[in-house]
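A.B. asks: Structure for the following, please:
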Amino acid sequence: MRAIPIAVTALVAALALTACSDGGGSDTKATASATDAAAAATACEIGQVGLEVGPASEAPAAGDTGIVPFTITNSGDQCTLEGFPVIDLNAGEATATVAGDEAAQPEKLTLAKDDTATFTITYVRGEAADAKSLDAKTVKISLPGATATKDFPWSYGPVAGKTEASDPDASVSPFQHAGD
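C.D. replies: Numbering: from 1, shown residues only. As a prediction, this is how the structure comes out:
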């Protein structure tokens, strides 16, 4: 009777020792790569989600702050959103990328079919015809881990630059669950 528990204990100890890394760190890298690949495989794609803008709280005058909310509705299989959306403001030949809100802590969201999430672009309105303002005409959005993009008209006036037009005084929030 004692042979079975001792044999099981020896087998568990042997398996634990073979699972140890050789100190090179390759096991950790392999696990991280597998995790990254799994996350990318389930990332929400623009083509499987509905993306709506507004209603916005437009900045009425130069120097004022405006807020433009976006709602994402998953119409496909379960997918994930993690981090920040990629936002580019386009003004003809000039383009500027909007940075993620530095004070925000993004979380990984899993969206089942028909689940919704939101994010918000906050911007400071610039002066028309000012070299430090970007006279944006469209906003291009892509989701993390995906390559497709979707464009929306930007009708909220020029966006002030922090130091120049290519460095917009704007930020984007991380994804947040919407609704109940």
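A.B. asks: Give me the residue at the spatial middle of this structure.
C.D. replies: Centroid-nearest residue in the chain: Phe84, 2.4 Å away (criterion: Cα atoms, centre = their mean).
A.B. asks: separation between Thr65 and Ala91?
C.D. replies: 20 Å (Cβ to Cβ, to the nearest Å). From N, CA and C alone the C-beta is placed, and that goes for glycine too.
A.B. asks: Looking at those two, which one has more neighbours?
C.D. replies: Between Thr65 and Ala91, counted using other Cβ atoms under 10 Å, Ala91 has the larger neighbour count: 17 against 13.
A.B. asks: which phi and psi does the more buried one have?
C.D. replies: phi -130, psi 70 (degrees, to the nearest 10).
A.B. asks: Go ahead and confirm it touches Lys137.
C.D. replies: Yes. The criterion here is Cβ atoms under 8 Å, and Ala91 meets it with Lys137 at 5.7 Å.
A.B. asks: show me where this structure has helices.
C.D. replies: 3-18, 26-41 (DSSP state H).
A.B. asks: what sits against Ser173?
C.D. replies: By Cβ atoms under 8 Å, 6 or more residues apart in numbering, the contact set of Ser173 is 84, 100-101, 104, 119-122.
A.B. asks: And those residues, which is closest to Asp77?
C.D. replies: Using Cβ to Cβ, Phe119 is the member of the contacts of Ser173 that lies nearest Asp77, at 21.1 Å.
A.B. asks: what bridges to the closest one?
C.D. replies: Phe70 (DSSP bridges).
A.B. asks: I'd guessed it sits against His177; true?
C.D. replies: No. Counting by Cβ under 8 Å, Phe119 stays clear of His177, with 11.2 Å between them.
A.B. asks: rank the helices of the chain by mean pLDDT and give me the bottom one.
C.D. replies: The minimum mean pLDDT among the helices of the chain belongs to helix 3-18 (a mean of 38).
A.B. asks: measure the residue nearest to Ala99 when sequence neighbours are not counted to Phe84 for me?
C.D. replies: Distance criterion Cβ to Cβ, 6 or more residues apart in numbering; nearest residue to Ala99, sequence neighbours excluded, is Ser171 at 5.8 Å. Distance from Ser171 to Phe84, counting by Cβ to Cβ: 9 Å.
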